[in-house]
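Enquirer: Fold the following and give me the result.
(one chain, ligands or ions: 2)
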Amino acid sequence: MKRRNIIIDCDPGIDDIVALSFALANEDKLNILGITTVAGNQTIEKVTTNALKVMSYYNKDIKIAMGQKRPLLREKAAASNVHGENGMGDYQLPEPKIELYSDNAITFLRDTILSSEEKVTLVPVGPLTNIALLIKVFPEVIENIELVSIMGGSTSGGNRTSCAEFNIWADPEAAKIVFDSKLPIVMSGLNVTHSSGLYKEDVEKLAQSTGKVTELCGKMLQYYFKGDHVKEGTFTPIHDACAIMYLLYPELFEFKHMRVDVDCSEELSRGNTIVDVRDWIKYDETYPRVLTNVDTEKFREILLNDLYKLDEMVG
Ligand code: RIB
Ligand code: CA
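Expert: Ligands and ions are numbered 1, 2, ... in the order given. Here you go, the predicted structure:
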């Protein structure tokens with residue numbers, strides 16, 4: 001089966017690292033052309049270092065390019081309360097043995113997309129700053145983009161504020177550019193990612209594992225249970241893994257094409273993704289595929305299986 005070309009744009013970030021691990025476990029189906037970083041969960045320096053550390057720890061030779069250090073217009077606000085001061089739940093990995101491939105994610109994205117014979121799927125799981133700049137500065141890439149599988153937004157309530165999800169809240173103008181672009185988008189919003197994750201006992205078992213990948217992911221995910229990020233202390237969403245899971249197992253999800261507008265005000269509603277959920281309004285396929293439901297148990301089973309599988313792959 002032909003592998004899907006993907007580039008993951010991320011702000012690692014605990015769930016970003018789990019999503020990267022999940023993608024690496026599926027390299028038989030996903031051809032990871034590169035990883036680009038964007039400021040979000042932590043500063044651009046920290047999230048880029050984290051990406052280098054993890055790929056080095058896994059001995060994976062994947063190109064990493066550093067992206068934007070701040071939103072298009074707004075001030076940068078880190079989410080250190082959720083991901084810790086170092087962005088990895090304060091879990092410490094050795095210094096990376098690999099070098100940054102590029103310090104310009106935008107030109108890396110342009111060059112990689114334009115030079116790919118097959119179309120490329122983008123998987124943004126942080127603020128959309130890099131992606132917005134890419135399509136504005138180099139619109140010629142659009143025709144070689146297969147799909148944009150976004151973790152971001154929500155059809156029902158936020159997490160950074162009561163109505164805005166963090167990735168969109170962090171850079172609303174960038175999100176508006178992307179959602180208004182008519183690119184083929186799949187949106188994994190909080191309305192499904194809050195039911196896409198692992199139970200506390202799964203995390204505890206991972207943390208006690210002797211495998212490189214499972215111990216790293218488990219120990220980082222334990223950090224989530226220190227905050228109010230989890231459901232009644234029993235279940236943690238792994239938001240970013242959803243954007244990868246959809247590419248591999250779309251049958252786990254339900255979706256509807258719906259219009260998505262982004263609130264770019266300065267008010268409490270900043271970063272709200274206003275989704276037209278009226279079921280009598282029919283939006284055609286040029287509108288985003290907004291995920292509306294997920295098979296939580298299958299999601300959990302596949303993710304756990306693949307994290308343990310990557311243990312074997314990285315040795
Ligand atoms: O709201 C969840 C999103 O914000 C995830 O991408 C997480 O990594 C943080 O960036
Ligand atoms: Ca993220």
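
Enquirer: For ligand 2, tell me whether stretch 74-90 is touching it.
Expert: No: legend: contact between stretch 74-90 and ligand 2 by C-beta under 5 Å from the ion is lacking; minimum distance shown is 8.6 Å. For every residue, glycine as well, the C-beta is placed using N, CA and C.

Enquirer: residues contacting the spatially most central residue of the chain?
Expert: The residue lying closest to the centre of the chain (C-alpha atoms, centre = their mean) is V125, at 2.1 Å. By C-beta atoms under 8 Å, 6 or more residues apart in numbering, the contact set of V125 is 8-11, 13, 15-16, 19, 150-152, 167, 239-240, 243.

Enquirer: how far away is it from M245?
Expert: 12 Å (C-beta to C-beta, to the nearest Å).

Enquirer: And for I281?
Expert: When I281 is compared with M245 (using C-beta to C-beta), they lie 28 Å apart.

Enquirer: More neighbours: the two, which one.
Expert: Taking other C-beta atoms under 10 Å, I281 and M245 do not tie; M245 has more neighbours (30 against 9).

Enquirer: So what's the residue count around the residue in the stretch 201-315 of the chain positioned nearest to ligand 2?
Expert: Taking C-beta to the ion, ligand 2 has its nearest neighbour within the stretch 201-315 of the chain at D240, 4.9 Å off. Using other C-beta under 10 Å, D240 has 32 neighbouring residues.

Enquirer: Spit out the contact partners of it.
Expert: C10, G13, D15, D16, V18, A19, V125, M151.

Enquirer: Quick check: of these, which lies closest to D180?
Expert: M151 (18.8 Å; C-beta to C-beta).

Enquirer: Please verify my assumption that the closest one contacts P127.
Expert: No: assessed by C-beta atoms under 8 Å, M151 is found out of contact with P127, at 10.8 Å.

Enquirer: Just give the nearest non-adjacent residue to the residue in the stretch 201-315 of the chain that ligand 1 sits nearest to, would you?
Expert: Taking C-beta to the nearest ligand atom, ligand 1 has its nearest neighbour within the stretch 201-315 of the chain at H239, 4.2 Å off. Leaving aside its sequence neighbours, H239 sits nearest to T193 (C-beta to C-beta, 6 or more residues apart in numbering; 4.0 Å).

Enquirer: Could you report the neighbour count for that neighbour?
Expert: T193 has 27 nearby residues by other C-beta under 10 Å.

Enquirer: Same question for the one 10 residues further on.
Expert: V203: 24 surrounding residues under other C-beta under 10 Å.

Enquirer: And D103, by the same measure?
Expert: Neighbour number of D103 under other C-beta under 10 Å is 12.

Enquirer: so what's it up against?
Expert: A65, M66.

Enquirer: Likewise for the one 3 residues further on?
Expert: For I106, the contact set (C-beta under 8 Å, 6+ apart) comprises G67, Q68, N130, L133, L134, V137, F138.

Enquirer: again with M1
Expert: By C-beta under 8 Å, 6+ apart, the neighbours of M1 are K29.

Enquirer: Which phi and psi values does E146 adopt?
Expert: Phi and psi for E146, reported as degrees, to the nearest 10, are phi -70, psi -50.

Enquirer: Show the model's pLDDT score for it.
Expert: Reading off the confidence values, E146 has pLDDT 98.

Enquirer: Now look at the helix or strand where L20 lies and say if it contacts ligand 1.
Expert: Element membership for L20, per DSSP states H and E: helix 14-24. Yes: Helix 14-24 lies within reach of ligand 1 by C-beta under 6 Å from any ligand atom, at D15, D16.
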